[in-house]
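Enquirer: please find the sequence and the predicted model below.
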Amino acid sequence: MNRHLLDHDPLLAASGAAQQDLPAAALYVVATPIGNAADITLRALWVLSRVDAIAAEDTRTTAALIRRYGIDTPLLAAHEHNEQAAAAAIVERLRAGARIALVSDAGTPAVSDPGARLARAVMAAGLRVVPVPGASALTAAVSAAGLSSERLTFVGFLPTGRLQRQRLLRELATRGDAFVLFEAPHRISETAAELAAVLEADRRVVVARELTKKFESLRACRATELPAAVGEQGRGEYVLLVDGAEAAPSEIDAATRRWLAALADELPASRAAAVAAKASGLPRASLYALLAAKPDSPAASPE
């Protein structure tokens, strides 16, 4: 099937995508669905149908996707095991004026997926990288989780080493800000247990599974309930969203309050709270709330 048949699609025509520029010598980083095939954007379809080649994490997965929409653009492999060599070849093609799209198996490339090395190489060569945004497990989960924290740390997949993983989880737990993890089904039970062990018992956690798919689920629970919430082993990829810790300034002892105030005389409030959290093990959010509650304090002044 001719890959330009999409030009006659009424929705694509209404979107105005075909009237937009498609610069040559550019890498197009294209988001693809994370489960529901209908989540692909009209712009993504137009770009994929017009570029000279599609660099794919798995050419079989991408072939099935583009065939669904009548696109026959040539595919080339660009995955974590060949990304360096693929990047060099793609940069040369771009220098010759080619347009190449980059896709991962699902979601947005380079967000816990291969692609960052390629994008960096293209930018280092002085060539253009064009984002074509769309589906993302991160933004899908965050949008539905109702997180209360103003700050959010995206962690992605945890380290595979046990000690390194537990050290990172303890550090994240003591900050007090919200954070987001990705996890595979064969590791979810272990990760849930480790996370529950370092969080305050009442810390809110949202478990998102199979996002955009038929058996999609989002469930909020307390940290102590997390192992039961994920079960022994579930199917599909998980997103774990840990909400910000509730501030409880009254639980901070007098000695900690004194040296926290001393820190705040020398550092911005956010930095003082972060240092105090690391030293004391108290939630960063609680320490920051204590500083913010004192408008006459030097630490509460604008940063």
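Expert: Yep, it's here. The structure presented is a predicted model; accordingly, all values stated were derived computationally and were not measured. Numbering: from 1, shown residues only.
Enquirer: buried set for stretch 212-232?
Expert: Buried positions in stretch 212-232, judged by neighbour count with 16 or more other C-beta atoms under 10 Å: Thr212, Leu218, Cys221, Ala223, Glu225, Leu226, Pro227, Ala229, Val230. Heads up, the C-betas are built off the backbone N, CA and C, glycines and all.
Enquirer: return the member of these nearest to Ala53.
Expert: For those, the closest approach to Ala53 (C-beta to C-beta) belongs to Thr212, at 27.3 Å.
Enquirer: thought the closest one was touching Ser143?
Expert: No: no contact is recorded between Thr212 and Ser143 when judged using C-beta atoms under 8 Å, the distance being 11.8 Å.
Enquirer: returning to that earlier point: columns distance to Leu290, secondary structure and pLDDT on top of the buried residues of stretch 212-232, output as JSON lines?
Expert: Putting these into JSON lines (distance: C-beta to C-beta, whole Å; DSSP: H, G, I helix; E, B strand; the rest coil; pLDDT from 0 to 100) gives the following:
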{"residue": "Thr212", "distance to Leu290": "41", "secondary structure": "coil", "pLDDT": "96"}
{"residue": "Leu218", "distance to Leu290": "33", "secondary structure": "strand", "pLDDT": "95"}
{"residue": "Cys221", "distance to Leu290": "28", "secondary structure": "strand", "pLDDT": "96"}
{"residue": "Ala223", "distance to Leu290": "22", "secondary structure": "helix", "pLDDT": "95"}
{"residue": "Glu225", "distance to Leu290": "28", "secondary structure": "helix", "pLDDT": "96"}
{"residue": "Leu226", "distance to Leu290": "28", "secondary structure": "helix", "pLDDT": "96"}
{"residue": "Pro227", "distance to Leu290": "32", "secondary structure": "helix", "pLDDT": "95"}
{"residue": "Ala229", "distance to Leu290": "31", "secondary structure": "helix", "pLDDT": "93"}
{"residue": "Val230", "distance to Leu290": "34", "secondary structure": "helix", "pLDDT": "91"}
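Enquirer: export these to CSV and tack on distance to Ser189?
Expert: Formatted as CSV, these follow (distance: C-beta to C-beta, whole Å):
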residue, distance to Ser189
Thr212, 23
Leu218, 19
Cys221, 15
Ala223, 15
Glu225, 14
Leu226, 10
Pro227, 7
Ala229, 11
Val230, 6
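Enquirer: and which of those residues is nearest Ser270?
Expert: Ranking those by separation from Ser270, with C-beta to C-beta as the measure, puts Ala223 on top at 24.2 Å.
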